[in-house]
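**Q** coords please:
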Amino acid sequence: MDLRIPRKFQAGFKALYELSEEKKEQLIVVLKETRRGSSTQDLTVKISLTLGLGLEPAQSLINALTSFYLVVDNLDEKGKAEFIEALPDALVESGVVSDGADTSSIIQVVNSALELKESLGTIAKAKELATECERLFVKSRILSDFRPIFSDNLDEPIGAGIIVHQLRITFHKDE
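**A** Modelled structure (predicted):
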């Protein structure tokens, strides 16, 4: 199986690889203890505090695991085994780990994470549903302008004006 790790998930797998064995075990404990319905933000903070990671690496780690979960969850047992078997080579090819690096602990964490349907599985599926729409809101901004109204005689001061408000909405379009 030809497996490639998208660039946006490489930081998460790198954060996972760089954790000590003890921290990897703590990660699985945190994931197991996560209640169904917990938000990604809550889990990010909990992982950050428990493992001593910054919020960004913790978020990257969750994104990588939830993405992996969603892909593997749709495969049969043979497909799952092939996918996990291809992971070490994909980690090397993407530059997450160096050639010859021991990736067995990452595989162990990923296998353990894939069994967590009630916590990680629910969060992964919720993230997928939240972004499954034609246009995904990114940000908005209100722009206000004062537009003066000049008289025909330019020597006279501005006699009136209007205020124009614009709402600029940025979104990603599903293609």
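
**Q** only C-alpha atoms from now on, for both contacts and neighbour counts.
**A** Noted.

**Q** looking at the chain, which helix is longest?
**A** Ranked by residue count and defined by DSSP state H, the top helix of the chain is helix 55-73.

**Q** and the strands in this protein?
**A** 135-149, 160-173 (DSSP state E).

**Q** residue contacts, the residue nearest in space to the middle of the chain?
**A** The residue at the geometric middle of the chain, judged as the C-alpha nearest the mean C-alpha position with Cα atoms, centre = their mean, is residue 63 (3.7 Å). The neighbourhood of residue 63, defined by Cα atoms under 8 Å, 6 or more residues apart in numbering, consists of 9, 12.

**Q** make it 10 Å
**A** With Cα atoms under 10 Å, 6 or more residues apart in numbering as the criterion, the residues that contact residue 63 are 8, 9, 10, 11, 12, 13, 40, 44, 57, 69, 124, 127.

**Q** residue 98 now?
**A** 91, 92.

**Q** look up how far residue 88 lies from it.
**A** 10 Å (Cα to Cα, to the nearest Å).

**Q** now residue 82, nearest residue through space, not along the chain?
**A** If the residues on either side of it in the chain are set aside, residue 82 comes closest to residue 1, at 6.5 Å by Cα to Cα, 6 or more residues apart in numbering.
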